[in-house]
Structures are given as C-alpha cells and as structure tokens.
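> Here is a sequence together with a model predicted from it:
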Amino acid sequence: MSSIGAAAATRGAAAWSALRGGVPDSQPVVMQGDRPAGWWDLLPFTVHRIPLGGGLETATSDGVDPFTDVRTDLVVDACGGSLDGRTVVDLGCLEGGFTLALAERGAAHVVGIEARALSVERCELARALRGAERVEFVVADIKDELLRRDPFDVVFAAGILYHVGDPAEMLRIIRDSCREVALIDTHVAHPTIPTHGCSELVDLVSGGHSYRGRRFQEYEPDASASARDGYLWAAWSDSHAFWPLEEDLVEMITDAGFSSVEKVDMDVDDRRSRWQVDEINRVVYVVRP
Ligand SMILES: C[S@@+](CC[C@H](N)C(=O)[O-])C[C@H]1O[C@@H](n2cnc3c(N)ncnc32)[C@H](O)[C@@H]1O
C-alpha cells in the first residue's frame, strides 16, 4: 500500500471506529479494474470536507465544508429558514457534501445527481459515515435525470451551470424541475477580459434567443471515455462550456420562465468568507418560478 493509501486507511479506519465502534471488515468496496480496493481508498476526498465527528473530515483543510458554506444557508433562508418537508435536487453533487448538508437541514428527500461513478462511491461512503437519511445518490447526466423525474421543490445548482455547453437549455430544464426556488452559483464571462482561458466573446443561440458569452474548453473533444471519467470536477457531456455575460445570464434565467431573479450580495455579513469557491467572475442568484 502506498503511503497515501496507508494514510487513507488510517483515516478511514479511525473515522469508522469513531462513528461505528469498529473497523468495518464487512464494508469493502469490491475492486473492479481500477476501482478502489476498499472503502478507505476513497479517502481523502478531492474537495468536500465532510465532518465525521471526533475532528475527522473526509478531505484536507483546504477543501470545502458544505455544512458551513454560505450556499447551504442561502437555500435554507430562501425557504424561510427550514427545508422541512421539501424535496431537493443537488446537481453535479461531486462527493455529496451539499446533498448531505441539505438533508440535515430538514429536507424530506434530497437527490444528488453526479455523472462520475467514483464520486458517487464517495457520496455513498459519506452518507454511511454520517448515518444520513432521506438521501439518494444517482450516477447520471443531470439533464437526462431531471427530464425523467418529477419536479423538486428546491434545485441546488452550485458549480454546475458553467460546465454545460448550452446553459440556456439547462436553465429551461431546471425551471421545469423547480416548484419553489433554485440557487444558481456559477461563473460568468468577463465583458472585456477572457479569464480562466476562455475564448473571445461569441454568441450562443438557444430557444430562439441569442446570448453573448465565452466558450470554456473543459477537455479535448476527442478525450477517451476513461480520461473523461478521471476529470472528476469537469463537464460530463460537453467538451466546451458556455459562460454567458452576467446580463445575458439574467436574460437566460428570465427567458427560461423564472419570474423572480434575485442576485445575492456577497458583501453582506460574513457571506464572502463562507463562500468557498474561486470568486473570479462568479455570481449567485436565487430564482423562483
Ligand atoms: C465543479 S464540480 C461542483 C461540485 C459541487 N456541486 C460543488 O459545488 O461543490 C462539478 C461537478 O458536476 C459534475 N458534472 C458535470 N457535468 C455533469 C453532468 N452533465 N451530469 C452530471 N454531473 C455533472 C462533475 O462530475 C462534478 O462533480
């Protein structure tokens, strides 16, 4: 076992011991090809720093703690201070931290949709380690999964819209899947400077509307399926994403049929310090049908 693997095993065993009273010999993840040999090999997570009790966490200290991140509170506040009784979907849930945090804020049922199977194994591990209930994780493309399900009360769309080639179409699907409120946390294109390696300004035509923004290359269009599997934070179905200008994002949101579009001011209270993201050209909107 590599030293990282050994460290992970120690962390994992300690985490399990702390919460379940013993190392779970009965909880192996079956090795298939390059899949992890044991649940402990899933640790540490790449980003989501999920508290496990006893000071243990699933990721290193530079990760994101979804239980204290401002986006979790923003959704709860938008629902009047509680998610009680609501259904929630977490789009592109990665390692499940926000899914679990939202479930623990009272939601009746939270579905985390994530394209990459390895990340969903981590979601399931985190769920087991926290003993979370009313949570479901699905390995799927967000578009396909939303189209085949009934609408949710709440749509949590953090760090996902900037990973799709046609965000206007995605927002129309989100609108059809949203009964009460959606949180959109995303990068937008800078009007004059192509940050993040983005293209020059281009137009996207979608749903009979034209929007200005920049293309962002996620990976080579001919990337192999296994390479794409390994880009754990990247787009799934689109090699190029489209980042609209902020005013065009607002147009997309209203064109999708949301009647209330409220930008969150991150300079209020301690919001910015609890927004654990790359803040360059990044915005958060709370929107309602
Ligand atoms: C930047 S990460 C954001 C993760 C998480 N929402 C957060 O805010 O911490 C983007 C995630 O979306 C997933 N993803 C990207 N495109 C997707 C798609 N079309 N369907 C499902 N998941 C997707 C990626 O695999 C990755 O886990």
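Arrived safely, thanks for sending.
> and the next element down the chain from the helix or strand hosting L146?
Using DSSP states H and E, L146 falls within helix 142-148. Using DSSP H and E, the helix or strand that follows helix 142-148 towards the C-terminus is strand 152-158.
> Which other helices and strands does that following strand contact?
Packed against strand 152-158 by the contact rule (3 or more Cβ pairs under 8 Å, 6 or more residues apart in numbering; DSSP states H and E) you find helix 70-78, strand 87-91, helix 97-103, strand 178-187. For glycine as for every other residue, the C-beta is placed from the backbone atoms N, C-alpha and C.
> hmm, try it at 6 Å
strand 87-91, strand 178-187 (3 or more Cβ pairs under 6 Å, 6 or more residues apart in numbering; DSSP states H and E).
> pLDDT of that strand, averaged?
If you average the pLDDT over strand 152-158, you get 98.
> partners of it, with directions?
strand 87-91 (parallel), strand 178-187 (parallel) (DSSP bridges).
> got the angle for the shortest one vs helix 70-78?
Following axes from the mean of the first three to the mean of the last three Cα atoms, to 10 degrees, one obtains 150 degrees for the angle between strand 87-91 and helix 70-78.
> Other residues contacting strand 87-91?
98-99, 102, 107-113, 142, 152-157, 160 (Cβ atoms under 6 Å, 6 or more residues apart in numbering).
> mind listing the strands for the chain?
Counting by DSSP state E, one finds strands in the chain at the ranges 51-53, 56-57, 87-91, 109-114, 135-139, 152-158, 178-187, 201-206, 209-217, 240-244, 260-263, 282-288.
> Can you say which of those is nearest to the ligand?
When the strands of the chain are compared by Cβ to the nearest ligand atom, strand 152-158 sits nearest the ligand, at 3.7 Å.
> contacts for the closest one?
Contacts of strand 152-158 (Cβ under 6 Å, 6+ apart): 71, 75, 86-91, 174, 177-185.
> for the ligand, what are the nearby residues on the stretch 51-200 of the chain?
64, 92-94, 113-116, 119, 141-142, 158-160, 163 (Cβ under 6 Å from any ligand atom).
> Could you tell me which of those count as buried?
Of the members of those, the ones counted as buried by neighbours, 16 or more other Cβ atoms under 10 Å, are 64, 92-94, 113-116, 119, 142, 158-160, 163.
> The ligand: which of those residues is nearest?
Nearest member of these to the ligand, counting by Cβ to the nearest ligand atom, is G92, at 2.5 Å.
> That closest one reaches Y162, doesn't it?
No - the criterion here is Cβ atoms under 6 Å, and G92 misses it with Y162 at 10.3 Å.
> What subset of the contacts of strand 152-158 is buried?
71, 75, 86-91, 174, 177-178, 180-185.
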